[in-house]
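[1] Got a sequence here, can you build the structure:
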Amino acid sequence: MMGDATIAGARLFDGKRFHDGHALVVEEGRVKAVVPEAEIAGRDDVTWLDGGILAPGFIDVQVNGGGGRMLNNDPSPQTMDTIAAAHRRYGTTALLPTLITDTRAVTEAAIASAIEACRTAKGVVGLHLEGPHLAPARRGAHVAELMRPMEEADVETLCRAAEALPVLHVTLAAEQVTAEQVERLAKGGVIISLGHTNCTSEEARRLFDAGVRGVTHLFNAMSGLSHRTPGLVGAALDAGDVWCGIIADGHHVDPLALGVALRAKRGPGRLYHVTDAMALVGSEAESFQLNGRTVRREPGAVCSKLVLEDGTLAGSDLDMASAVRFGVEILGLPVEESLKMAAAYPATFLGIDGGYGFLKPGARGDLVHLGDDLSVRRVWLAGRPQ
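    Below is the predicted model of the structure:
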């Protein structure tokens, strides 16, 4: 799985800044150095690119499906590998397969499968459990009947899973957990985000203090920002140590609102790209089944819209390269900022920035080559072309 590569001929973005006229050296699947191209001139083992950008591979914190497969429908290692392979063609080299609200048995199967899938180093770096401890009032496309308060057995299960997985990310609603449970989960290594919740800003801040580090798909399925009730959106933008995923597909959030949030977010926490992708990404199918309900494609400007029969948004048809382009072309972000939102920021949020999200010595050689139009031309996983 580990490969050697020396790559030159493109603008090199290391996760922080651009290096022009430089080459990337990867040995045994890890970045060894960024060197001036003059140092590798004349070598016959160099891969020369025809311009564009060479950047860290994208990291997606929230991926429900891809390649025609949904994790909820078959929570197996094979499904996770299929999802990772489908998203790799769009520049994503590390992701968290995401299980939305389901039964205890399905949740336990997903945990066991993620532990196995992470061992193969094919792009699955952990697991995201988006439920079942969410608020029915903000259910979105989740099944409200499966949502429930967190119990002692759940805390123990999640802490054991966090010990066995490189990353365990859990989305919770403030209505379904206590601050004491959040504190125990955080101390047990679980990365916690608030989402699908109607909580007040005060309730959100109390859980931030207890150990919540993020917010899942900011603006969607949560209490919004208004002048007397700031809600979760206001609390998240004001909390410097909280990170927020956004779905930049032109359907989930109006670009104007995303622009305001990007300017308002207090650091060091940042907004980062997620896809919230469903089975149709990387597939020619026009519909799929989710918890016994049909989800279908509808046309869209940036990407298609996925909806249930009643018109409820049901995840996205977004890929990470399209999110990066949306950031640049629609939100007016500098290219380097949108690239950070797709790699460096999610890596930092997940605590894996020592090995992912940056092209620095010791990091994995997970790479994406983008054309000048930010379309994906080539991908490497641990130094090996895919």
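[2] For the rest of this, base every contact and every neighbour count on C-alpha atoms.
    Will do.
[3] count of neighbours near Glu108?
    Look at Glu108: counted by other C-alpha atoms under 10 Å, it has 15 neighbours.
[4] Which SSE is immediately downstream of whatever helix or strand it lives in?
    Using DSSP states H and E, Glu108 sits within helix 104-119. Next along the chain after helix 104-119, taking DSSP H and E as the criterion, comes strand 127-130.
[5] Give me the contacts around that following strand.
    Here strand 127-130 makes contact (C-alpha atoms under 8 Å, 6 or more residues apart in numbering) with 61-62, 96-101, 107, 111, 114, 165, 167-172.
[6] Please report how far Thr157 lies from Val190.
    Distance, Thr157 to Val190, by C-alpha to C-alpha, to the nearest Å: 11 Å.
[7] quick one: which of those two has more around it?
    Comparing Thr157 with Val190 by other C-alpha under 10 Å, the one with more neighbours is Val190, at 27 against 12.
[8] pretty sure that one contacts Leu158?
    Yes. With contact defined as C-alpha atoms under 8 Å, Val190 counts as touching Leu158 (7.3 Å).
[9] Help me confirm that Leu71 comes into contact with Gln62.
    No. Between Leu71 and Gln62 there is no contact under C-alpha under 8 Å: 11.6 Å.
[10] give the contact list for Asp317.
    Neighbours of Asp317 in contact, by C-alpha under 8 Å, 6+ apart: 275, 277-278, 280-281, 303-306.
[11] Hmm, I typed the wrong one, I wanted His142.
    100-101.
[12] so the strand or helix carrying Pro97 versus helix 104-119, what angle?
    According to DSSP H and E, Pro97 maps onto strand 92-100. Compare the direction of strand 92-100 with that of helix 104-119 by axes from the mean of the first three to the mean of the last three C-alpha atoms, to 10 degrees and you get 170 degrees.
[13] What helices and strands are in contact with strand 92-100?
    With contacts defined as 3 or more C-alpha pairs under 8 Å, 6 or more residues apart in numbering; DSSP states H and E, strand 92-100 has these neighbours: strand 58-63, helix 77-88, helix 104-119, strand 127-130, strand 376-381.
[14] okay, now the domains of the protein?
    5-55+362-385, 58-350 (automatic domain parsing).
[15] got TSV for these, with distance to Tyr356 too?
    TSV is the format used below for these (distance: least, C-alpha to C-alpha, whole Å):
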stretch	distance to Tyr356
domain 5-55+362-385	6
domain 58-350	6
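[16] most packed of those domains?
    Greatest average neighbour count among the domains of the chain goes to domain 58-350 (a mean of 21), per mean count of other C-alpha atoms under 10 Å.
[17] pLDDT score assigned to the closest residue to Pro334 other than its chain neighbours?
    With sequence-adjacent residues excluded and distances taken as C-alpha to C-alpha, 6 or more residues apart in numbering, Pro334 is closest to Val328, at 6.1 Å. At Val328, the model reports a pLDDT of 98.
[18] which ones are touching Val328?
    334-335, 338.
[19] residues in contact with the strand holding Pro97?
    By C-alpha under 8 Å, 6+ apart, strand 92-100 touches 57-65, 71-72, 80, 83-84, 87, 107, 110, 114, 123-132, 142, 320, 366-367, 379-381.
[20] cutoff 6 Å now
    Contacts to strand 92-100, defined as C-alpha atoms under 6 Å, 6 or more residues apart in numbering, come from residues 57-64, 72, 123-131.
[21] That strand vs strand 58-63, what angle?
    Using the same axes, to 10 degrees: strand 92-100 against strand 58-63 is 10 degrees.
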